[in-house]
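Enquirer: Pasting the sequence and the predicted model now:
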2 protein chains.
Amino acid sequence: MAKTTSKKADEAICSERHAATAASIGPLAVDDAQRMGEFFNVLADPTRLRLISLLAAEEFCVCDLASSLGMTDSAISHQLRALRAARLVSYRKEGRQVFYRLHDHHVLDLYQTVREHLDE
Amino acid sequence: MAKTTSKKADEAICSERHAATAASIGPLAVDDAQRMGEFFNVLADPTRLRLISLLAAEEFCVCDLASSLGMTDSAISHQLRALRAARLVSYRKEGRQVFYRLHDHHVLDLYQTVREHLDE
DNA sequence: CAAATACATGAGAGCATGTTCATGTATTTG
DNA sequence: CAAATACATGAACATGCTCTCATGTATTTG
């Protein structure tokens, strides 16, 4: 470990010029980073991404989403809860079914950008 | 639990029409979903997002990144490893320092799209 | 009204992840 | 060459997450 001058965080010696610049611009605030991280985390799960890929085409009820993915209603319902909390999906009740759909275009934008990156 | 006709995954009864449609289009393959999920997961951490926010402006060495975020060299180095593995950053060696920079424009595209979403 | 259906949710098991600590490698300096 | 610097990495602990299981609620049906 770089046991240098300080305890708190290996205070830099290498190039304080850059450190100063960084300090003046400042990194993303911890709170904002936390919030943004939580959002990306919702997209960091295979099941939720597969749900999004289905909902990209049309709306579906929980039951069909579950059978399409070969998973239990319960597991899907839990994941839809996360997608709802992140405002990535909306829903509509019809009788005893609940139909889910993508909330806006942002999701697909992200989806597309990442596909590009992974296909390089 | 919805103990219905099947064991494997609560096979749908509600609307097999939709289920059939979903099956024909088909969700994102599990492998692809896994890979995409792993990528999003790299962006799901506050520290890595703060690193990206710093590198958005200019390149920095590990030491300065660490002191800017008030964290140890070690922690930052571990996180840079994850960013490297996801091909989100590139690096350049100069003497005993290693300068990191963003690899391409995709990262900032994602960053921007998510900010829009969170600011609504 | 009772049974069945469609979905939601709390608790817990099993697994993954970020940080710290200790150590290792490469480069520079005295 | 020896010491110091800048960074990388393995192990381990603490934390968080996804799924299963059990149960609860709302709506429809017989």
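Expert: That came through fine.

Enquirer: so A:Ser68 makes contact with A:Val62?
Expert: No - between A:Ser68 and A:Val62 there is no contact under C-beta atoms under 8 Å: 10.8 Å. Every residue, glycine included, has its C-beta placed from N, CA and C.

Enquirer: These two - which one has more neighbours?
Expert: Taking neighbours as other C-beta atoms under 10 Å in any protein chain shown, A:Ser68 and A:Val62 compare with A:Ser68 leading, 24 against 21.

Enquirer: Does that one belong to a helix, a strand or coil?
Expert: Assigned by DSSP: H, G, I helix; E, B strand; the rest coil, the conformation of A:Ser68 is helix.

Enquirer: what sits against A:Ala44?
Expert: B:Gly37, B:Glu38, B:Phe40, B:Asn41, B:Leu43, B:Ala44 (C-beta atoms under 8 Å, 6 or more residues apart in numbering or on different chains).

Enquirer: out of those, which are inside helices?
Expert: B:Gly37, B:Glu38, B:Phe40, B:Asn41 (DSSP state H).

Enquirer: Tell me which stretches of chain A form helices.
Expert: With DSSP H as the criterion, chain A has helices spanning A:16-25, A:30-42, A:46-55, A:62-69, A:73-85, A:106-118.

Enquirer: to the chain's geometric centre, what's the distance from the shortest one?
Expert: Offset of helix A:62-69 from its chain centre (C-alpha atoms, centre = their mean, to the nearest Å): 21 Å.

Enquirer: Let me know whether that helix sits next to DNA strand D.
Expert: No - Helix A:62-69 is not in contact with DNA strand D by C-beta under 7 Å from any atom of the strand; minimum separation 8.8 Å.

Enquirer: export that helix as CSV, just CAs?
Expert: Extracted in CSV, the C-alpha atoms of helix A:62-69 (Å, rounded to 0.1, in the frame of the first residue of the first chain):
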residue,chain,number,x,y,z
VAL,A,62,-47.6,-10.4,-15.2
CYS,A,63,-48.8,-13.9,-16.0
ASP,A,64,-47.6,-13.9,-19.6
LEU,A,65,-44.3,-12.2,-18.7
ALA,A,66,-43.7,-15.0,-16.2
SER,A,67,-44.5,-17.8,-18.6
SER,A,68,-42.5,-16.1,-21.4
LEU,A,69,-39.4,-16.1,-19.3
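
Enquirer: Just the angle for that helix relative to helix B:30-42, thanks.
Expert: Angle, helix A:62-69 to helix B:30-42, by axes from the mean of the first three to the mean of the last three C-alpha atoms, to 10 degrees: 110 degrees.

Enquirer: next one: the second one
Expert: An angle of 180 degrees separates the directions of helix A:30-42 and helix B:30-42 when computed by the same axes, to 10 degrees.

Enquirer: swap in the third one?
Expert: In this structure, helix A:46-55 runs at an angle of 110 degrees to helix B:30-42, with the same axes, to 10 degrees as the basis.

Enquirer: about what we covered before: name the nearest of the contacts of A:Ala44 relative to DNA strand C.
Expert: Comparing these against DNA strand C with C-beta to the nearest atom of the strand places B:Asn41 closest, at 5.6 Å.

Enquirer: For that closest one, give its distance to A:Leu83.
Expert: 16 Å (C-beta to C-beta, to the nearest Å).

Enquirer: So between these two, which is more surrounded?
Expert: A:Leu83 (23 against 17).

Enquirer: residue nearest the centroid of chain A?
Expert: A:Phe40 (2.3 Å; C-alpha atoms, centre = their mean).

Enquirer: ok, that residue - contacts?
Expert: Counted by C-beta under 8 Å, 6+ apart, A:Phe40 has contacts B:Phe40, B:Asn41, B:Leu43, B:Ala44, B:Leu49, B:Val114.
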